[in-house]
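Enquirer: Let me see the structure of the following:
(2 chains)
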Amino acid sequence: MPVSGIVSRPTYEALAIDPAGRRHLFVADHAFEPDPGVFAALPSEAPVELWRALAEARVGSGAGPRANALARDFRSTTQLLDALAYRLERERVGLRLYAVGLESFVWDVARLARGLGMDSSEYRLSHVGSNRRRVYCVHCRAITENVATNVVACSGCGANLFVRDHFSRRLAAFMGFQIDAEAPGEVPPIEEAFP
Amino acid sequence: MNQRFKPAETFRRDFTFRNSDEAVLRFPFPFPEDSYMYSVNIEPHTPGGPTAAFQAAFDVDEHYVAECAERAIVLEEDPGRCKVLPHMMAAQWDTLELIMESFARDYPQDFSLTKEGTNWVWENRPLGIKQSFVFGDAKTLPCEPFEYITRQAQGDFTLQDQREDNLFVDGGMVTTQADWSLEFNIGMTFHEWHGPVPLAHQLGVFDRALKFLMRLQYGQPVRRLNWTMTINPRLDTSPENYPLWGTDRTTVTPENVAEKVFLRVELQTLFRLPRSNAILFGIRCYLLSVADIARVEKWGKRLHRVLLDLPTELQDYKGLTRYRQTVVDYLAPLDDGAPLPSGIAPGQTAL
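Expert: Next up, the predicted model:
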């Protein structure tokens, strides 16, 4: 049943600035420091912001002063996405959004952006970091995060999910299905597949 | 109750589904040649064709009432099997209009539609439904228009929105599917939702099919056949319920193979819709047991030959790996190797 070479899997290009934008907002799920070369194509007065989720409680207003006044650090991706939704609801045409991080994070950002009226020419996604996957259980709809192995126990129903190379941009997740549904207990050797 | 329907059939648990002799002979057998590979096998969907299944825009057969009841059971357990994205409301009304008008035209003894301006009255006699409503006003129906009418039709349906030089699967009623998930796929582009299909991408099948479908004209529907095999006459072979039906594939033996294994054929139809410019994709599922296929000499021999040299990738993708050989062994003694005429017509008028 496992089939490889599935073409719904997204591909990503290296992070590049869109000079057509009037304002630029970078969001990252880690302590991202953009390569200065990325900004070479921009006029120096173009506003650039950098939002980062640091997975750390001791950040917030005044907790992490940075040279760039337009930088904001968040405690979690959840907090960052929440602030991003608030921000995008109030944005005007001309913003360019750049998401940098794990696939699950960058597609969460894409979903939020689309839902708030941005089209695919207004945001860019850059996958960096590990290849760990968010897995959607097709049987119970529960999400299992940070999956590094070919087979994982579903966080919802406990099924031994085989992580299929089939990706839903809407769910920002790969499909998992019960690998031993036909012959209970017949599970292939568990290996690291998404380091 | 109209005598032509068999309302008590089931597609789960005790599996009382059976095909009459007439239903066997009208089956849309999918193999015109002795071997099978993916192709863009699309033809105009005009009345007529090799068997009676091709006579109507939307075929209504002896299983109609039972299949509508089966759909209601699936939706009761999992309402998410019917889902339409919010921007598709015009396509919902297009679908309702197309199915109601087609049913009333093709089966006037069973269905009627009366219109006075936007005040419509729909009568579905096999299901005992009479509904007055205002076309375009969803509040005058018991549920949204796409769900309303597809609950009264056999087979699955999806809605494709055409934009950005692509087709997006932005809605569907999917309760009788061959192992694909609407919930997972909704919103995907044409190539994304066909992502898991092996070999066909490399053959360029989806590139050509997409180009063709983007030019599909209103009033000129098209059709194709697709197929797989299913253990027991189970309509709901969804990935959602794979833990419930997966073990069926291990139960095939030389003794039960003829009655337990079914050829599952999808008569797929595509209609351009007039207001929304969306495409309605009908996926009508037919099931015929290996025993019944063997009663049609040409079909029994041909199925044997197709299964014999089916590429391994397709065996795996279609889930046949565990029992294909058992089916081949059952059919082998019936196949004398004599040349068969091409085409899918049964080649006989009685069993």
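
Enquirer: Which parts of chain B are strands?
Expert: In chain B, the strands defined using DSSP state E lie at B:43-44, B:82-84, B:111-116, B:119-124, B:129-134, B:156-163, B:166-173, B:222-231, B:261-272, B:279-289.

Enquirer: Would you convert these into TSV that also reports distance to residue A:51?
Expert: From N, CA and C alone the C-beta is placed, and that goes for glycine too. Formatted as TSV, the strands of chain B follow (distance: least, CB to CB, whole Å):
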stretch	distance to residue A:51
strand B:43-44	54
strand B:82-84	33
strand B:111-116	56
strand B:119-124	53
strand B:129-134	49
strand B:156-163	31
strand B:166-173	30
strand B:222-231	47
strand B:261-272	44
strand B:279-289	40
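
Enquirer: Reformat those as CSV; add distance to chain A, mean pLDDT and mean neighbour count.
Expert: Output for these, formatted as CSV (distance: least, CB to the nearest CB, whole Å; pLDDT from 0 to 100; neighbours: other CB atoms under 10 Å in any protein chain shown):
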stretch, distance to chain A, mean pLDDT, mean neighbour count
strand B:43-44, 26, 96, 10
strand B:82-84, 11, 98, 20
strand B:111-116, 35, 98, 14
strand B:119-124, 33, 98, 17
strand B:129-134, 31, 98, 14
strand B:156-163, 11, 97, 22
strand B:166-173, 10, 97, 23
strand B:222-231, 10, 97, 20
strand B:261-272, 15, 98, 23
strand B:279-289, 18, 98, 22
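
Enquirer: ok, then the element right after the helix or strand hosting residue A:165?
Expert: In the assignment (DSSP states H and E), residue A:165 maps to strand A:160-168. Under the assignment DSSP H and E, the closest C-terminal helix or strand after strand A:160-168 is strand A:173-178.

Enquirer: Under the pLDDT cut-off, which ranges of chain B? List them.
Expert: Across chain B, residues meeting the criterion (pLDDT under 70) sit at B:1-3.

Enquirer: Could you tell me which residues of it lie near chain A?
Expert: B:181, B:183-188, B:191-196, B:198, B:201, B:239-243, B:246-247, B:249-250, B:313, B:316-317, B:319, B:322 (CB under 8 Å from any CB of the partner chain).

Enquirer: what about the strand holding residue A:165, near chain B?
Expert: Yes. Part of strand A:160-168 sits near chain B under the criterion CB under 8 Å from any CB, namely A:164, A:165, A:166, A:167, A:168.

Enquirer: count of neighbours near the fourth one?
Expert: When neighbours are counted by other CB atoms under 10 Å in any protein chain shown, residue A:167 registers 24.

Enquirer: can you check the third one too?
Expert: Applying the criterion other CB under 10 Å, we find 26 residues in the vicinity of residue A:166.

Enquirer: got the contact list for it?
Expert: The contact partners of residue A:166, taken as CB atoms under 8 Å, 6 or more residues apart in numbering or on different chains, are A:6, A:8, A:9, A:174, A:175, B:184, B:195, B:196.

Enquirer: And for the fourth one?
Expert: In this structure, residue A:167 makes contact with A:8, A:9, A:10, A:103, A:173, A:174, A:175, B:192, B:195, judged by CB under 8 Å, 6+ apart.

Enquirer: and the gap between the closest residue to the third one other than its chain neighbours and residue B:234?
Expert: Distances taken as CB to CB, 6 or more residues apart in numbering or on different chains put residue A:167 closest to residue A:10, at 6.2 Å, once the chain neighbours are dropped. Residue A:167 sits 28 Å away from residue B:234, taking CB to CB, to the nearest Å as the criterion.

Enquirer: could you flag which of the residues of chain B next to chain A are buried?
Expert: Among these, those buried by neighbour count (16 or more other CB atoms under 10 Å in any protein chain shown) are B:181, B:183-188, B:192-196, B:198, B:201, B:239-243, B:246, B:249, B:317, B:319, B:322.

Enquirer: Which parts of the stretch 251-351 of chain B are helices?
Expert: Secondary structure of the stretch 251-351 of chain B (DSSP state H, counting those that start in this stretch): helices located at B:257-260, B:290-294, B:297-308, B:312-317, B:324-331.

Enquirer: My error: substitute chain A in the last question.
Expert: With DSSP state H, the ranges of helices along chain A come out as A:77-89, A:103-115.

Enquirer: ok, residues contacting the first one?
Expert: To tie it back to what came earlier, the one meant is helix A:77-89. Helix A:77-89 is touched from outside by A:25, A:27, A:29, A:51-53, A:72, A:74, A:95, A:97, A:101, A:105, A:108-109, A:112-113, A:116-118, with contacts defined as CB under 8 Å, 6+ apart.

Enquirer: can you rerun that using 6 Å?
Expert: For helix A:77-89, contacts defined as CB atoms under 6 Å, 6 or more residues apart in numbering or on different chains pick out A:29, A:51, A:53, A:74, A:105, A:112, A:116.

Enquirer: Check which residues of that helix are buried.
Expert: Neighbour counts over helix A:77-89 (16+ other CB under 10 Å) mark A:77, A:80, A:81, A:84, A:87, A:88 as buried.

Enquirer: Check which helices and strands the lowest-mean-pLDDT helix or strand in chain A is in contact with.
Expert: Within chain A, confidence by mean pLDDT, DSSP states H and E is lowest for strand A:71-74 among all helices and strands, at a mean of 89. In terms of contacts (3 or more CB pairs under 6 Å, 6 or more residues apart in numbering or on different chains; DSSP states H and E), strand A:71-74 is packed against strand A:48-53.

Enquirer: Averaged pLDDT, the strand it packs on. What do you get?
Expert: For strand A:48-53, mean pLDDT is 91.

Enquirer: can you check stretch A:84-94 too?
Expert: Mean predicted confidence for stretch A:84-94 is 94.

Enquirer: May I have that stretch as CSV, with CA atoms only?
Expert: Presented in CSV, the C-alpha positions along stretch A:84-94 are these (Å, rounded to 0.1, in the frame of the first residue of the first chain):
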residue,chain,number,x,y,z
LEU,A,84,-0.4,37.6,13.0
ALA,A,85,-4.1,37.1,12.5
TYR,A,86,-4.8,40.4,14.4
ARG,A,87,-2.2,42.1,12.3
LEU,A,88,-3.4,40.8,8.9
GLU,A,89,-7.0,41.7,9.6
ARG,A,90,-5.7,45.3,9.7
GLU,A,91,-3.3,45.2,6.8
ARG,A,92,-3.6,47.0,3.5
VAL,A,93,-2.4,46.0,0.0
GLY,A,94,1.4,46.0,-0.4
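
Enquirer: Skip the chain neighbours and tell me the closest residue to the residue sitting nearest the centre point of chain A.
Expert: Central residue of chain A (CA atoms, centre = their mean): residue A:105, 1.8 Å from the mean position. Leaving out its chain neighbours, the residue that sits closest to residue A:105 by CB to CB, 6+ apart is residue A:29, at 4.1 Å.
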